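*Asks:* Below is the sequence, then the predicted model.
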Amino acid sequence: MKPMLISDVGWCKAMKDAFTQLGLDADAVLAEAGVDLENSREIELGELTDGFSRAWEIAVAKTGNPAIGLTVPSHPLNSLGVLSHVVLSASDVRSALSAVSRFMHLISPTAAIDSRVEGERWVMTLQIASGRRPVPAQRYDFYSTVLLRAVHWLTGRAVQPLAFHTPAAAPADSTPWRKAFGCPVHFGAAHCMIEMAMADLSLPIPTADRAVSDLCERIAVQVAEQQGGSVSIRVRQALMKHLSKGDPRREAVAAMLCMSERTLQRRLTEEGTSFAELVDEVRREMAQRYFAHSHFTATEITFALGFSDPSNLYRACKRWFGRSPSTMRAN
Amino acid sequence: MIDSVEAFERLAAGSADELARLSEIEASPPDLWWDVLERCPQHAVWVAANRHLPEDIVAHLALHDSVLVRAALATGPCVPEPLMQRLAHDKDEVVRLRVVCNANASRSVLTELVADACTVVSVHAQARLVHDISGVMLPASYLEEVSVDDLRH
């Protein structure tokens, strides 16, 4: 299996860039958070995402500013690593964002982006894996800021979304968010979502290049296949995207990852986990987030987690948290 | 055809379809591009993306500070050989990758790019020289040894 260095994570570089702009010693913040950039061992997702979450918490504490996730990196495409070539060569914004969604795992193993069309709107849903600690709002703000800034940089247009939804609780003063996104901001949402006008998705990219796009897509697909060590991460990302569509089937996820069910099972076993364990972990993390940050009813959470019956959620909550769904909500 | 800077600005501020036209329109007179660059420097990348630029504008844009401008230029069909040679040695691999994928890159340019520091640029140049100079019919195997480290911006 091919190990991934933490320092290889494109978003980690972007985060350091943002911390530096805020006047922080980025390396010291990451070290305090337990993120070892020189670590060459295989990344354990829960540990990594907790480290990044802790780093943002420390940065907020040091600056006293809850809006630091809105910091624009000095060069947004640097955050996209290998994908910078893909988005630069895309024909339009929609192709560029679709590529980011498809290959997100290459630059950020802790995040997944799902996109869909709803009438005249393009809705991007951002999921960030949580470990033992909840994901701080600044991480959602930062991903969204970088993506929107990249669109601006690619097209030369200050594209403003139609709406921004964040799981964060409403701050005392929401002005920085409304100014940064230039659109209505909805706090306390179940998911982080950016809604954009389809007309903006059609904007052409002046650096479009079909030959480069084809070449980079081939390499990105190949690299995804080479990253044997990240199968469990990719399974988690697929689950985060598709759980709400019903009880996840192993063969369906294997197909999404372009491998046979048997290969998927073998690769997960090599990584010391199983498909069922990953489904349970992702459901637990998402349930925790829904109970903490959404107004979903227990029935809605049942279906959002891919359960077919509320009794499944009841039993799972008792096992995960030692409490029933109704007491989770009450707390 | 555009005949004024204002006409260019209208397209640049227009819809997606109007923006897309910027890469195909011709300017009359061709010197108009100088006025566009002077009065609308923020749109230099759209000028570089144009397929009908006079050689003096191409030469000017090949030295532009913005990597996006140089990348858009390196993609186009109107880059003469000496400027293609210059872009093949651009400091940014984004530009060199455009050159090595440009169907008009000559054998001489590709030969120089075989020694490129970026592995992807190097192997693609080799593959075009060995298998198909147009870059269209390349075997899938030539990218087998490429890793994520070889294409990191």
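*Replies:* Thanks, I have the structure now.

*Asks:* Quick one: low-confidence residue ranges for chain B.
*Replies:* Within chain B, the segments meeting pLDDT under 70 span B:145-153.

*Asks:* ok, now with 90
*Replies:* B:1-3, B:23-24, B:26-31, B:76-78, B:117-120, B:123, B:130-153 (pLDDT under 90).

*Asks:* what's the longest helix anywhere in it in contact with?
*Replies:* In chain B, assigned by DSSP state H, the helix with the most residues is helix B:119-130. Contact partners of helix B:119-130, identified using Cβ atoms under 8 Å, 6 or more residues apart in numbering or on different chains, comprise A:215, A:219, B:93, B:96-97, B:100-101, B:105, B:107, B:110-111, B:113-116, B:134-135, B:138-139, B:142-143, B:145-146, B:150-151. For every residue, glycine as well, the C-beta is placed using N, CA and C.

*Asks:* Filter those down to just the ones in helices.
*Replies:* Short answer: these in helices (DSSP H) are A:Leu215, A:Ile219, B:Glu93, B:Arg96, B:Leu97, B:Val100, B:Cys101, B:Arg107, B:Leu110, B:Thr111, B:Leu113.

*Asks:* Which residue lies closest in space to the spatially most central residue of chain A, excluding its sequence neighbours?
*Replies:* Note on chain A: the residue nearest the mean C-alpha position is A:Ala111, at 2.4 Å, using Cα atoms, centre = their mean. Leaving aside its sequence neighbours, A:Ala111 sits nearest to A:Ile128 (Cβ to Cβ, 6 or more residues apart in numbering or on different chains; 5.0 Å).

*Asks:* re the thing from before, touching, the residue nearest to the centre of chain A and A:Tyr143? I think so.
*Replies:* Yes: counting by Cβ atoms under 8 Å, A:Ala111 does reach A:Tyr143; the two are 6.2 Å apart.

*Asks:* quick revisit: unless I'm mixing things up, the residue nearest to A:Ala111 is touching A:Asp141, no?
*Replies:* No: judged on Cβ under 8 Å, A:Ile128 makes no contact with A:Asp141 at a distance of 11.2 Å.

*Asks:* The two: which is more packed in?
*Replies:* A:Asp141 (26 against 21; other Cβ atoms under 10 Å in any protein chain shown).

*Asks:* Is A:Arg116 bridged to anything, and to what?
*Replies:* Beta-bridge pairing for A:Arg116 (DSSP bridges): A:Val123.

*Asks:* ok, it - contacts?
*Replies:* A:Trp122, A:Val123, A:Thr125.

*Asks:* Neighbour count, pLDDT and distance to B:Val45 added to those, as TSV?
*Replies:* Compiled in TSV, the contacts of A:Arg116 are given as follows (neighbours: other Cβ atoms under 10 Å in any protein chain shown; pLDDT from 0 to 100; distance: Cβ to Cβ, whole Å):
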residue	neighbour count	pLDDT	distance to B:Val45
A:Trp122	24	93	24
A:Val123	19	93	29
A:Thr125	20	89	31
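
*Asks:* so after the host helix or strand of A:Val253, what's the next helix or strand?
*Replies:* For A:Val253, the host element (DSSP states H and E) is helix A:250-256. The element immediately downstream of helix A:250-256 (helix or strand, assigned by DSSP H and E) is helix A:261-270.

*Asks:* on that earlier part again, going by neighbour count, list what's buried in the longest helix of chain B.
*Replies:* B:Thr119, B:Val120, B:Val121, B:Ser122, B:Val123, B:His124, B:Ala125, B:Gln126, B:Ala127, B:Arg128 (16 or more other Cβ atoms under 10 Å in any protein chain shown).

*Asks:* chain center to it, what's the gap?
*Replies:* Remark: helix B:119-130 is offset 18 Å from the chain centroid, using Cα atoms, centre = their mean, to the nearest Å.

*Asks:* between it and helix B:93-101, how big is the angle?
*Replies:* Taking axes from the mean of the first three to the mean of the last three Cα atoms, to 10 degrees, one finds helix B:119-130 and helix B:93-101 inclined to each other by 10 degrees.
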